[in-house]
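Undergrad: Need coordinates for the below:
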Amino acid sequence: MKTMEMMHRRTLLKSAFAAGGALSFLSPAQLLAAVAEDPRLANVHPEYRAFAKQMLAQLDKQKDGPMSMQTLPKSRAMMKQFASPRRDDVPVEKRVIPGMKGQPDVTVFLINAGKEGQRPAIVHTHGGGFVSGTAEGFVRNVQDLCKELDCAAVSVEYRLAPETTYAGSIEDNYAALKWVHGNAAQLGVDPRRIAVMGESAGGGHAALLAITARDRGEVPVAFQCLIYPMLDDRTGTTRAVPPHIAPFMWGRGDNRFGWQSFLGMEPGTSKVPVRAVPARQTNLRGLPPAFIGVGSIDLFLDEDIEYARRLNDAGVTAELLVVPGCFHGFDSMPVKTRVGTWFNEAKVNALRLGLGISTNG
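TA: As a prediction, the model looks like this:
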């Protein structure tokens, strides 16, 4: 499967959006013609086909391989340029909090906190393949969620791989969770209603955070919201990927680089530490209820389905939502679709239920 570095994925999205505008729907005849022209479109959801066609046209012009140490600095720089402007009606405060023992302090973005009462809170971990992205770049997304749910949130600027492996970033995220719980009264947060949440690699971090909290027994986690989470280092290494998985956004080579950087060793082998990989956990009992959402042509489809199955088998209530024809990151594309709106509503409703937020306001 052809892959591309993150820098070019971002450029690709911008180019595709500029070419495709606000997504015009194809007629049935046009859809058939598009699929005949490029079989890679056959499994793409109809609402995303026009956009995907533009993306593939741009992808075919690229000659770059998967992410690597050589491309990483430019990829990180490019990601910073695509952060959405912040809302004016949801307060944000940048804080530096104490790290865990022997670890450095941690930067967090405190969002919509400090109000009177005891509202639920979310500890958010951003995406970026473990190697890129920033909490600051995801502030607008978390603001939108806090506005919708009338909750508080902390988004964690955890240390990235490969400079820091899982052993460091796990502690960064746990320090944020423990800080929210320990300062709940000042933050206007109910310490019994704290969720962990993340997208892609951030979903993997959130799953690891829920496992760490369970194992240490210091902070109760009420819910885990995992959006197309990156859960298994074996995907694309020792575990084959079906050929119909969408060839853009995040491919096998990218996944291998992300996991190798995060683990500090070759992924997919028997030497990989269990504590670094949610899918390698042998005991999932006692974890908080979960929502897992993923597209049917996402690289992470199989590992996400399997994790949801294993959670339910372990007595952990897990809702699994597989969205037909949707690729990795589909809900964050610069186009508005009915299926993307529906997916976001399902996510919000799952958080509302998991955090005990009344639907009556």
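Undergrad: you'd agree residue 211 is up against residue 286?
TA: No - using Cβ atoms under 8 Å as the test, residue 211 is too far from residue 286 to be in contact (9.5 Å). The C-beta positions use only the backbone N, C-alpha and C, and glycine is treated the same way.
Undergrad: Look at the two and report which has more neighbours.
TA: Comparing residue 211 with residue 286 by neighbour count (other Cβ atoms under 10 Å), the higher total belongs to residue 211, at 21 against 13.
Undergrad: hey, where'd the helices end up in the protein?
TA: 6-20, 28-37, 46-61, 72-80, 139-149, 166-182, 184-187, 201-216, 252-263, 301-313, 338-354 (DSSP state H).
Undergrad: Quick check: which of those helices is nearest to residue 114?
TA: helix 184-187 (6.3 Å; Cβ to Cβ).
Undergrad: Please put the alpha-carbon coordinates of the closest one into CSV.
TA: Extracted C-alpha coordinates of helix 184-187, given in CSV (Å, rounded to 0.1, in the frame of the first residue of the first chain):
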residue,chain,number,x,y,z
ALA,A,184,-11.3,18.9,41.4
ALA,A,185,-12.8,21.4,43.9
GLN,A,186,-10.9,24.4,42.5
LEU,A,187,-11.6,23.4,38.9
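Undergrad: And the contacts of it?
TA: With contacts defined as Cβ atoms under 8 Å, 6 or more residues apart in numbering, helix 184-187 is touched by 110, 113, 114, 118, 121, 152, 180, 190, 191, 194.
Undergrad: how distant is it from the center of its chain?
TA: 27 Å (Cα atoms, centre = their mean, to the nearest Å).
Undergrad: Buried residues of that helix, list them for me.
TA: For helix 184-187, burial by neighbour count (16 or more other Cβ atoms under 10 Å) applies to 184, 187.
Undergrad: same thing with stretch 298-314?
TA: 298, 299, 300, 301, 302, 303, 304, 307, 308, 310, 311.
Undergrad: Am I right that the fourth one is in contact with residue 321?
TA: Okay, so that is residue 301. No - Residue 301 is beyond contact range of residue 321, at 11.7 Å (criterion: Cβ under 8 Å).
Undergrad: Which neighbours do these two have in common?
TA: Taking Cβ under 8 Å, 6+ apart as the criterion, residue 301 and residue 321 both touch residue 294.
Undergrad: Next, format the helices of the chain as TSV and append mean pLDDT and distance to residue 327.
TA: Below are the helices of the chain laid out as TSV (pLDDT from 0 to 100; distance: least, Cβ to Cβ, whole Å):
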stretch	mean pLDDT	distance to residue 327
helix 6-20	37	11
helix 28-37	59	15
helix 46-61	82	7
helix 72-80	85	18
helix 139-149	97	18
helix 166-182	98	26
helix 184-187	96	37
helix 201-216	98	16
helix 252-263	96	13
helix 301-313	98	10
helix 338-354	97	12
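Undergrad: Please list only the buried members of the contacts of helix 184-187.
TA: The neighbour count (16+ other Cβ under 10 Å) marks 110, 113, 121, 152, 180, 190, 191, 194 as buried among the contacts of helix 184-187.
Undergrad: Contact partners for the second one?
TA: Read it as residue 113. Residue 113 makes contact with 91, 93, 121, 152, 153, 154, 187, 188, 189, according to Cβ under 8 Å, 6+ apart.
Undergrad: please redo it, this time with the cut-off set to 7 Å
TA: Counting by Cβ atoms under 7 Å, 6 or more residues apart in numbering, residue 113 makes contact with 152, 187, 188, 189.
Undergrad: Just the pLDDT for residue 190.
TA: Per-residue pLDDT puts residue 190 at 97.
Undergrad: re earlier: mind checking which of the contacts of helix 184-187 are in strands?
TA: Of the contacts of helix 184-187, the ones assigned to strands by DSSP state E are 110, 121, 152, 190, 191, 194.
Undergrad: So what's the residue count around residue 315?
TA: Residue 315: 10 surrounding residues under other Cβ under 10 Å.
Undergrad: The nearest residue to residue 326 once chain neighbours are set aside and residue 339, how far apart?
TA: Among residues not flanking residue 326 along the chain, residue 295 sits closest, at 2.9 Å (Cβ to Cβ, 6 or more residues apart in numbering). According to Cβ to Cβ, to the nearest Å, residue 295 and residue 339 sit 9 Å apart.
Undergrad: quick one on the thing from earlier: for the buried residues of stretch 298-314, which one is nearest residue 158?
TA: Once Cβ to Cβ is applied, the member of the buried residues of stretch 298-314 that ends up nearest residue 158 is residue 300, at 19.7 Å.
Undergrad: from memory that closest one sits against residue 294, does it?
TA: Yes - the criterion here is Cβ atoms under 7 Å, and residue 300 meets it with residue 294 at 5.8 Å.
Undergrad: overlap in contacts of these two?
TA: Shared contacts of residue 300 and residue 294 (Cβ under 7 Å, 6+ apart): residue 228.
Undergrad: farthest-separated two in the buried residues of stretch 298-314?
TA: Spatially, the most separated pair among these is 299 and 311, at 20.2 Å (Cβ to Cβ).
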